[in-house]
Structures are given as C-alpha cells and as structure tokens.
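K.L.:
3D model of this:
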Amino acid sequence: MLNVLRSDGNPQGSQRRAAEVFPFLEAYIARKEQQAAEIEQVVERYEVKRMKEERAYQSMSSLRRMFSGKKPDHHLAVEYIHYVKKPMEQVKKLRAEIKQARTILNESKPNDVISIPEEIAQDFV
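P.N.:
Prediction:
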C-alpha cells in the first residue's frame, strides 16, 4: 500500500484503488501542465511587450524622450511583481502538484490502495 504523506508525516486524503485513480491522475497532470503553460505564455508576452517598449524609448531622439517620459522604476517593479513574479510562483506551485501526482502514478501498482492528497481529491469526482 502506498501512502502519500504530508510534510509532518501524517497520511492525508481519501483512500482509493490505484486502478480507478490512474486515468484521473493522467488527466489531472495534463490539465495542470496546460495551466502552467498558459501562465508562462502570459509572462512571456508581457516580457516581449516590455522589451519592445524599452527599445522604442531608447530609439527616440533625446528631445522626444524628454517629452514622452518613461515609467518610473518603482512602477516597473510593481508591474514585474504583478505580471512576472506572482504568476511564476503559481507555476512553481502547479509544478509541485504535478510532481506529487506523478509520484503517485509512478510508485503505485493498479491493485494498491493509495491515499490521495486533499488538493488532488478535490478535483476527483
């Protein structure tokens, strides 16, 4: 029997046969990977947009730069946190969930009774 343990060492989640959970876990992993990929695309689009803005600003004449202005650095920092840092933290969390689901998938046999973590069990219908 395979028990998925919390960091404090206590088993968590509901008990199910591995054979009935395998198809769900594969779909769960695919869905989480898709979510992570979408978030990474949003971050990449923001970074490309930001680089284009910076290049456009640098290519302006000095007189034009003086009148157009540039976003203050602290605004750029807040944008970075909002558009890059927080979404990448979400991706990191999704990757951890994927890793946990893959561990369950790879380390159990179809006849085993496994304990499914609560985060995964919420999506299990």
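K.L.:
residues touching Lys109, list them.
P.N.:
With contacts defined as CB atoms under 8 Å, 6 or more residues apart in numbering, Lys109 is in contact with Ala18. For the C-beta atoms, the positions are set from N, CA and C on the backbone; glycine is no exception.
K.L.:
that one and Val48, how far apart?
P.N.:
46 Å (CB to CB, to the nearest Å).
K.L.:
any idea how far the residue sitting nearest the centre point of the chain is from Arg45?
P.N.:
Nearest to the centroid of the C-alpha atoms of the chain, with distances taken as CA atoms, centre = their mean, sits Val91, at 1.8 Å. Noted for Val91: a distance of 14 Å to Arg45, by CB to CB.
K.L.:
before we move on, what about Gln34?
P.N.:
17 Å.
K.L.:
now the nearest residue to Leu94 once chain neighbours are set aside: which helix or strand?
P.N.:
Closest residue to Leu94 apart from its sequence neighbours, by CB to CB, 6 or more residues apart in numbering: Ala36 at 4.5 Å. Using DSSP states H and E, Ala36 sits within helix 18-59.
K.L.:
what are the contacting residues of the helix or strand just after that helix?
P.N.:
Following helix 18-59 in sequence order, the next helix or strand is helix 62-68 (DSSP H and E). Residues from elsewhere that reach helix 62-68 (CB under 8 Å, 6+ apart): 57, 60.
K.L.:
now helix 62-68, how far from the centre of its chain.
P.N.:
Centroid separation between helix 62-68 and its chain, computed with CA atoms, centre = their mean, to the nearest Å, is 40 Å.
K.L.:
how far does the helix or strand just after it sit from its chain's centre?
P.N.:
On the C-terminal side of helix 62-68, the nearest following helix or strand under DSSP H and E is helix 73-80. In terms of CA atoms, centre = their mean, the centre of helix 73-80 is set 22 Å apart from its chain centre.
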